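K.L.:
sharing a model that was predicted from the sequence below.
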Amino acid sequence: MPKDIRQDLLKWLRRTGYPFQLQAGKALQAAGWHVNYSRWYRDPNEGKQREIDLHALTGAVSLGQASLFLSLCIECKTSTSPWVGLLSRRDGAGRSFLASAPGLMTRRFAHAAELLEIDLPKLLPAGIPYADSIVAGFIDDSEDPGPEKSTKRKVKPNTDPTSPHSALLQTVSAASALDDQLFNTAMEVRPETANATIVLPLLLFSGRLFAYGVDDQLRDDLTEVDALLVSVPTDNDDDSTLVGVVTEQAGAAIWKSMYTAAHDFCVAAPPFARRIADALTLTEKQMAKQL
């Protein structure tokens with residue numbers, strides 16, 4: 001009889017990110033989102049096929065007339081090391097999570113909605129700090145005088161300082177690629193159907209998240225947080241995209257409110273669907289004149 005290896009497999013699986021990804025997807029579905037697991041996309045920079053952990057979406061469809069959606073490209077990351085957002089200021093100087101999206105269709109959809117006086121959905125809680133970058137931190141035990149402690153710095157596993165940045169870049173790349181793919185679909189079905197989608201990058205983090213800056217007196221200001229909006233360099237109008245970084249606990253608490261805000265926005269938009277779809281090929285100046 002073959003050896004029962006299920007317990008060994010479970011131990012291995014629990015060391016990977018697969019359980020976290022599946023659990024997050026189930027929580028999103030329970031909140032109302034439609035979820036695609038391991039969604040494939042073509043990397044726009046390298047032309048290679050890659051996958052994003054979760055693609056969550058909601059929308060409103062009027063058969064044969066209009067289809068409007070809002071979706072989240074979610075990369076799931078686990079780290080035993082804390083992640084630290086580096087802040088030069090805590091507010092985003094008026095920047096918008098939606099308006100700074102990496103994809104052109106999303107930015108034009110959001111701008112058209114504002115011109116048409118459709119309230120953009122408030123997807124993330126107010127007061128989230130804005131970080132210029134994010135790094136993986138470490139725990140320093142060098143000052144512990146205990147005899148059993150080493151005098152050398154002890155670095156937790158997975159402390160490569162580029163790993164958070166790589167995760168952010170992958171999330172942005174996926175959102176940009178899916179935006180481009182869905183834009184092409186929107187162009188293919190027009191003018192018979194008005195189609196548009198908002199695609200936003202989100203990183204779901206299982207670990208401890210901190211925000212660090214200095215106050216007006218140049219004193220350290222280090223706070224544990226549930227979420228950050230992190231700036232990632234891109235080639236959009238702002239030269240950067242804001243990526244939402246949300247802890248596992250915070251995500252579980254806000255998936256429902258995010259779904260409600262996104263769904264209500266999509267349901268309110270169909271009367272304007274034709275003008276929104278037309279705006280996807282217009283510049284902001286052209287939209288101001290034609291919408």
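P.N.:
Cool, the structure landed.
K.L.:
and the helix or strand hosting Cys73, which strands flank it?
P.N.:
Secondary-structure assignment from DSSP states H and E places Cys73 in strand 66-78. Strands flanking strand 66-78 in the sheet, each with its direction: strand 49-62 (antiparallel), strand 194-206 (parallel) (DSSP bridges).
K.L.:
let me know the pLDDT of Arg90.
P.N.:
Reported pLDDT at Arg90 in the predicted model: 65.
K.L.:
let me fix that, I meant to ask about Lys3.
P.N.:
Lys3 is assigned a predicted lDDT (pLDDT) of 82.
K.L.:
least confident of the strands paired with strand 66-78, on average?
P.N.:
Sorting the strands paired with strand 66-78 by mean pLDDT places strand 49-62 lowest, at a mean of 93.
K.L.:
list the buried residues for whichever helix in the chain runs longest?
P.N.:
Of all the elements of type helix in the chain, the one with the most residues (DSSP state H) is helix 163-189. When neighbours are counted by 16 or more other CB atoms under 10 Å, the buried residues of helix 163-189 are found to be 163-165, 167-183, 186. (Each C-beta comes from the backbone N, C-alpha and C, glycine too.)
K.L.:
buried set for stretch 215-235?
P.N.:
Neighbour counts using 16+ other CB under 10 Å place 225-232, 234 of stretch 215-235 among the buried residues.
K.L.:
how far off centre is stretch 100-108?
P.N.:
Taking CA atoms, centre = their mean, to the nearest Å, the mean C-alpha location of stretch 100-108 is offset from the chain mean by 13 Å.
K.L.:
gap between the two ends of it?
P.N.:
10 Å (CA to CA, to the nearest Å).
K.L.:
show me where the protein dips below the pLDDT cut-off.
P.N.:
Residues of the chain that meet the criterion pLDDT under 70 lie in 1, 90-94, 139-162, 237.
K.L.:
now do the strands in it.
P.N.:
34-42, 49-62, 66-78, 83-86, 130-131, 133-136, 194-206, 209-214, 220-225, 227-233, 240-247 (DSSP state E).
K.L.:
circling back to that earlier point, just the buried residues of stretch 215-235 now: which is nearest Thr281?
P.N.:
For the buried residues of stretch 215-235, the residue nearest Thr281 by CB to CB is Thr234; the value is 20.7 Å.
K.L.:
state the distance from that closest one to Arg50.
P.N.:
Thr234 is 17 Å from Arg50, where distance means CB to CB, to the nearest Å.
K.L.:
and the longest helix of the chain, what does it pack onto?
P.N.:
Based on contacts counted as 3 or more CB pairs under 8 Å, 6 or more residues apart in numbering; DSSP states H and E, the elements that helix 163-189 packs against are strand 34-42, strand 49-62, strand 66-78, helix 104-115, strand 133-136, strand 194-206, strand 227-233, strand 240-247.
K.L.:
turn the ones you listed into a markdown table, columns for distance to Pro125.
P.N.:
Shown next, in a markdown table, are the helices and strands packed on helix 163-189 (distance: least, CB to CB, whole Å):
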| stretch | distance to Pro125 |
| --- | --- |
| strand 34-42 | 22 |
| strand 49-62 | 18 |
| strand 66-78 | 15 |
| helix 104-115 | 19 |
| strand 133-136 | 18 |
| strand 194-206 | 13 |
| strand 227-233 | 7 |
| strand 240-247 | 10 |
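K.L.:
ok, which of those comes nearest Arg14?
P.N.:
Among these, strand 66-78 comes nearest to Arg14, with 10.5 Å by CB to CB.
K.L.:
residue contacts, the spatially most central residue of the chain?
P.N.:
Closest to where the C-alpha atoms of the chain average out (CA atoms, centre = their mean) is Leu202, at 1.1 Å. Residues in contact with Leu202 (CB atoms under 8 Å, 6 or more residues apart in numbering) are 72-75, 171, 243-246.
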